[in-house]
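> attaching a predicted model along with its sequence, questions to come.
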Amino acid sequence: MPSKKILEEKQNKVQELAEKFKKAKMIILTEYRGISVEDDTKLRSTIRTNGDEYGVYKNSVITHAAKEAGIEGLENLEGPTAVVVGYEDYVAPAKAINDYAKANDFYTIKSGVMDGKMVSASEVKKLANLPSKETLYAMLASALLGNIRNFAVVIDQVRQKQEENA
């Protein structure tokens, strides 16, 4: 039987992770077996640049934290699990993990949680292939600018017609 101190430490870890899960927009679970310390450090750094977090937890801690956060479907975790928690963006953490997994065959995406709902590894990969938020904004601005130009041309043509008729 574990000591009272060890139980308290585990409960604190569960509480801490549950709070992160509650705040998260995107959670990605990965199997990190085979990653070097150097690569792990680089991956953590990449993920942190967006304000997201990367950590390794025992599956029991993840399972209890998920239950506490109201997330269903994380009961049957197997193997070593790393957790990426994205707070502001859905695409950035998915893109960082997917890019790393593509470059390293041993690193795999297990599954994810998006706004509290389970998503498969393939759905995380699809999300990772979307353009970034900034690119989508640029595309939207370009489309709106094109519509404004077209509207201005129509208005100018109407003005010219009115001048011809006057």
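It's in. Nothing here was measured: the structure is a model prediction, and the numbers come from that model.

> can you show me the helices along the chain?
4-23, 37-48, 59-68, 91-103, 121-128, 133-165 (DSSP state H).

> ranking the ones you listed by mean pLDDT, which is last?
Of all the helices of the chain, mean pLDDT reaches its minimum on helix 133-165 (a mean of 83).

> before we move on, the earlier item: wait, which of the helices of the chain is closest to Gly112?
Minimum separation from Gly112 across the helices of the chain (CB to CB) falls at helix 121-128, 4.3 Å. From N, CA and C alone the C-beta is placed, and that goes for glycine too.

> who touches that closest one?
Helix 121-128 is contacted by residues 26, 28, 90-91, 94-95, 97-99, 108-112, 114, 119 when judged by CB atoms under 8 Å, 6 or more residues apart in numbering.

> among those, which one sits closest to Val154?
For the contacts of helix 121-128, the nearest to Val154 is Val91 (36.1 Å; CB to CB).

> now that closest one. Nearest residue, chain neighbours left out?
Leu130 (5.3 Å; CB to CB, 6 or more residues apart in numbering).

> do the same with Lys20
Val85 (4.9 Å).

> now swap in Gly116 and tell me
Ile71 (5.8 Å).

> and Ala128, by the same measure?
Leaving aside its sequence neighbours, Ala128 sits nearest to Asn98 (CB to CB, 6+ apart; 3.5 Å).

> for the one you found, give me its contacts.
109, 124-125, 128-129.

> and the residues you listed, which are buried?
For those, a neighbour count by 16 or more other CB atoms under 10 Å gives the buried set as 109, 124-125, 128.

> now render those residues as CSV, adding distance to Asn50.
Formatted as CSV, the buried ones among the contacts of Asn98 follow (distance: CB to CB, whole Å):
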residue, distance to Asn50
Ile109, 17
Val124, 16
Lys125, 18
Ala128, 13
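
> for Tyr107, grab phi and psi.
As for Tyr107, its main-chain torsions (degrees, to the nearest 10) stand at phi -90, psi 120.

> now the closest residue in space to it that isn't next to it in sequence: how far from Leu127?
Nearest non-adjacent residue to Tyr107, counting by CB to CB, 6+ apart: Ala101, 4.8 Å away. To Leu127, Ala101 is 13 Å away according to CB to CB, to the nearest Å.

> cool, and Tyr87?
On the measure of CB to CB, Tyr87 and Leu127 end up 16 Å apart.
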